[in-house]
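Undergrad: Okay, here's the prediction I keep looking at, along with the sequence it came from:
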Amino acid sequence: MSQYPTGLTIAGTDSGGGAGMMADIKTMQTLKTFATSVIVGLTAQNTEGVQRIETVDAAMIDAQFASVAADFDVRAAKTGALFDADHVQAVVRNLARFHFPVVVVDPVMVAKGGSHLLDEAGIATLKTDLLPLADVVTPNLPEAELLAGRTIHNRVDVLNAAKQIQQLGAANVVIKGGHGTDAVVADYVKLADGTDYWMESPRVNTNRTHGTGDTLSSAIVSYVAHGMNLKQAIRQAHDYLATIIPHPLPLGHGHGPLNHGLWEEHDEI
Ligand SMILES: Nc1ncnc2c1ncn2[C@@H]1O[C@H](COP(=O)(O)OP(=O)(O)O)[C@@H](O)[C@H]1O
Ligand SMILES: Cc1ncc(COP(=O)(O)OP(=O)(O)O)c(N)n1
């Protein structure tokens, strides 16, 4: 069996098991990466929505970072739901302190059920303080609109939004196309070296897409932890999603969960 490198998820929990840190841990385990975690907040959540949120205090966030960093060789980290400006700042402080080799920022703002997972001040702080620390940022289309401060109607708008998001300090940008309506789902990648391209896959007609964004960002973390460069890791993560989205688990009454473990049959790492 291959070695399990260590990844880190800095995010919120989902009691429903499909999104947030739970999706991250399931993804990393499937992709043979050992998942460590810093819990920023807890959500009472299921496939139908978010019922309650409680954040973790800053001292406890610092303590979790210190515990993980003292004992593990974290190869890559991702951020997920951070809830508000104070929690974004707590995460920024710790990322600046511990310098993990690769940081993926999933700028989670609104869950598919409509609940806000980052308030307005939090969005502003993420733009000014967290994006400059991001090796990769992975907004969905509504998040890209908010980060870039412009509406997106077509592919040219996506290109321009990515350029603006890169100017905020994120080295590489992946704008996810799941919220579009075309028959093809297109994720746009703009890399630090100036290259850009689209990654396309057939749109699966399903509402079982809870946690797709978390799954993509934690798959990038996993592949980077295994030694791939960012371009390879982003491609592999996209292919992982395209493989598992057509075969979700028939659970819950709303936006149902993915079957993260499906990939194990491929055993490609
Ligand atoms: N219905 C779908 N069919 C195929 N791929 C999808 C579908 N929905 C999302 N994806 C893929 O899942 C990933 C996450 O995208 P998206 O759903 O936009 O993110 P988020 O969960 O953050 O809103 C992307 O790689 C996207 O291409
Ligand atoms: C605790 C928590 N974190 C993140 C999300 C959003 O996850 P995402 O992958 O964007 O999936 P959807 O919520 O859009 O299905 C969440 N819901 N909860």
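TA: Alright, I've got the coordinates. All values reported here derive from a predicted model rather than from experimental measurement. Ligands and ions are numbered 1, 2, ... in the order given.

Undergrad: List the strands paired with the strand or helix carrying residue 7, with their directions.
TA: Using DSSP states H and E, residue 7 sits within strand 6-12. Strand pairing for strand 6-12, using DSSP bridges, gives strand 34-46 (parallel), strand 74-79 (parallel).

Undergrad: centre of the chain versus it, how much separation?
TA: Counting by CA atoms, centre = their mean, to the nearest Å, strand 6-12 is centred 10 Å from the centre of its parent chain.

Undergrad: what do you get for stretch 245-257?
TA: Using CA atoms, centre = their mean, the offset of stretch 245-257 from its chain centre is 19 Å.

Undergrad: Can you measure across that stretch, start residue to end residue?
TA: This stretch, stretch 245-257, spans 9 Å end to end (CA to CA, to the nearest Å).

Undergrad: got it, and stretch 100-118?
TA: First-to-last residue span, stretch 100-118, CA to CA: 23 Å.

Undergrad: how about it against ligand 1, any contact?
TA: No - applying CB under 6 Å from any ligand atom, one finds stretch 100-118 separated from ligand 1 by no less than 6.6 Å. In this view, the C-beta of every residue, glycine as well, is placed from N, C-alpha and C.

Undergrad: anything in that stretch near ligand 2?
TA: Yes - residues of stretch 100-118 contacting ligand 2 under CB under 6 Å from any ligand atom: 108, 111, 112, 117.

Undergrad: still on that earlier bit, I'd like to know which elements the next helix or strand after the strand holding residue 7 is packed against.
TA: Heading C-terminal from strand 6-12, the first helix or strand you meet, by DSSP H and E, is helix 20-30. Counting contacts by 3 or more CB pairs under 8 Å, 6 or more residues apart in numbering; DSSP states H and E, helix 20-30 packs against strand 6-12, strand 34-46, helix 212-225.

Undergrad: Please produce JSON lines containing those, extended by mean pLDDT.
TA: As requested, the helices and strands packed on helix 20-30 are exported to JSON lines (pLDDT from 0 to 100):
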{"stretch": "strand 6-12", "mean pLDDT": "98"}
{"stretch": "strand 34-46", "mean pLDDT": "98"}
{"stretch": "helix 212-225", "mean pLDDT": "98"}
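
Undergrad: Redo the ones you listed as CSV? Include mean neighbour count.
TA: As requested, these are exported to CSV (neighbours: other CB atoms under 10 Å):
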stretch, mean neighbour count
strand 6-12, 29
strand 34-46, 21
helix 212-225, 29
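
Undergrad: Indicate the residue of the stretch 1-150 of the chain located nearest to ligand 2.
TA: Of all residues in the stretch 1-150 of the chain, residue 20 sits closest to ligand 2, at 2.8 Å by CB to the nearest ligand atom.

Undergrad: these two touch, right, that residue and residue 10?
TA: No - judged on CB atoms under 8 Å, residue 20 makes no contact with residue 10 at a distance of 11.1 Å.

Undergrad: Give the intersection of the neighbour lists for the two.
TA: Counting by CB atoms under 8 Å, 6 or more residues apart in numbering, the shared contacts of residue 20 and residue 10 are residue 80.

Undergrad: for stretch 96-109, what is the average pLDDT?
TA: The pLDDT scores in stretch 96-109 average 98.

Undergrad: what's the burial count for residue 175?
TA: Residues contacting residue 175 under the criterion other CB atoms under 10 Å number 27.
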